[in-house]
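Participant: Coordinates for the following, if possible.
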Amino acid sequence: MNEHMTPYDRLCILNGSSLNRGGIEIHYPTINEIVAMSYELYNSMMVIFMTDTKEFFKDSNIPEEELADITFIDVVLRQESDFKEPAMLVLKTYFNQDFSESIFLNEDGEMQAKGITIQGQPLTSELWESIRLLVLEMNDLNTASEVEPVFTHPKAKEIWEKQKKAEEARNKAKNGGGQTFEDVLCDIISAVCSKSHTITYSNVGDLNVYQLKDHLGKLIEIEAYDLNMMFAAHGAEIKDNKHWSESKSDTTGGK
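Facilitator: A predicted model of the protein is given here:
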């Protein structure tokens, strides 16, 4: 099971519903929304989520007890820097919150020296850390490639591994040995639309990244099941070839 995502969180995100942390509703953008804002802006938002507050300020003179109450997004929203625009976009995209002076006011309408309010809820350092790690987990495209199908016949596994190596070689040649977020996302979209009976190039934009990689993970399991059954039909001994719909694996490939 995912470290920062509960079963209910997974149900919500697969359904396309908002998640809730500490009374704050979290919207996860769809592929269409990512395309509309551009990859560059989307990646810049990820920098806000990827930045660990304590790590970022570890060489500063801020006392450790004060650092525990600081959130990175609060700091960058209070000053003019390259981080401010992405942080404002995070507010709008993930929390449907416009940036204004009101987010810095406390319950009495007074300006706070530190801390912001989102959707009327104080964003504590603990709450921000929970949201930050959750968003990063949902956005982790690497988990889609970590799904390891279970084969019940060695020949089926051999065919799968040959296909996988050929695909890796094509990607390496195409991208010079490295893949950006855009490259991986495009490859996943291409794979899903090529194999899925329901997800096409015309409707894939309605999915969020987590739904997309989950769909790919299930397609991988289905392909493994079909390979096993193909060998079973030709007389090979197949043991415990559980139907793909009964699989207990999640998007990260855990059993």
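Participant: Quick one: the helices in the stretch 101-250 of the chain, in order.
Facilitator: Residue ranges of the helices in the stretch 101-250 of the chain, as given by DSSP state H, counting those that start in this stretch, are 125-138, 142-145, 154-175, 181-195, 209-233.
Participant: mean pLDDT for the ones you listed: which is lowest?
Facilitator: Note on these: helix 142-145 shows the lowest mean pLDDT, a mean of 47.
Participant: Pull out the buried positions in stretch 65-76.
Facilitator: Using 16 or more other CB atoms under 10 Å as the test for burial, stretch 65-76 gives 70, 71, 72, 73, 74, 75, 76. Just so you know, the C-beta spots here come from the backbone N, C-alpha and C atoms, and that holds for glycine as well.
Participant: thinking the second one is in contact with residue 54, fair?
Facilitator: Right, the one you point to is residue 71. No. In this structure residue 71 lies outside contact range of residue 54 using CB atoms under 8 Å: 10.7 Å.
Participant: Would you mind checking which of the buried residues of stretch 65-76 is nearest to residue 97?
Facilitator: Nearest to residue 97 out of the buried residues of stretch 65-76 is residue 73 (CB to CB; 11.0 Å).
Participant: List the residues that contact the closest one.
Facilitator: 48, 87, 90, 116, 123, 128 (CB atoms under 8 Å, 6 or more residues apart in numbering).
Participant: in which helix or strand would I find residue 25?
Facilitator: strand 24-26 (DSSP states H and E).
Participant: Can you tell me the strand partners of that strand and which way each runs?
Facilitator: Strand 24-26 has the following sheet partners, assigned by DSSP bridges: strand 19-21 (antiparallel).
Participant: Near residue 59, how many residues? Count them for me, please.
Facilitator: 7 (other CB atoms under 10 Å).
Participant: actually residue 111, not the one I typed
Facilitator: 8.
Participant: And it, how far from residue 223?
Facilitator: 57 Å (CB to CB, to the nearest Å).
Participant: cool, and residue 109?
Facilitator: Here residue 109 is placed at a distance of 59 Å from residue 223 (CB to CB).
Participant: Please say which of those two ends up with more neighbours.
Facilitator: residue 223 (16 against 7).
Participant: who's in contact with residue 124?
Facilitator: Counted by CB under 8 Å, 6+ apart, residue 124 has contacts 22, 69, 71, 115.
Participant: mind listing which of those residues are in strands?
Facilitator: Among these, none falls in strands (DSSP state E).
Participant: Let me have those residues in TSV, extended by distance to residue 31 and pLDDT.
Facilitator: Below are those laid out as TSV (distance: CB to CB, whole Å; pLDDT from 0 to 100):
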residue	distance to residue 31	pLDDT
22	28	91
69	36	80
71	28	89
115	34	86
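Participant: what's the farthest-apart pair in these?
Facilitator: Spatial extent of the contacts of residue 124 (CB to CB) is set by the pair 22 and 69 at 15.4 Å.
Participant: Just want the most central residue of this structure.
Facilitator: Nearest to the geometric centre of the chain sits residue 139, at 1.7 Å (CA atoms, centre = their mean).
Participant: residue contacts, residue 86?
Facilitator: So residue 86 contacts 41, 44, 45, 47, 48 (CB under 8 Å, 6+ apart).
Participant: follow-up on the earlier one: what's the first helix or strand after the strand holding residue 25?
Facilitator: Strand 24-26 is succeeded, C-terminally, by helix 31-37 (DSSP H and E).
Participant: and that next one, what does it pack onto?
Facilitator: helix 84-95, helix 181-195, helix 209-233 (3 or more CB pairs under 8 Å, 6 or more residues apart in numbering; DSSP states H and E).
Participant: Other residues contacting stretch 23-38?
Facilitator: With CB under 8 Å, 6+ apart, stretch 23-38 has contacts from 13, 16, 18-20, 42, 89, 93-96, 118-121, 123, 127, 131, 134-135, 138, 185, 189, 204-210, 212.
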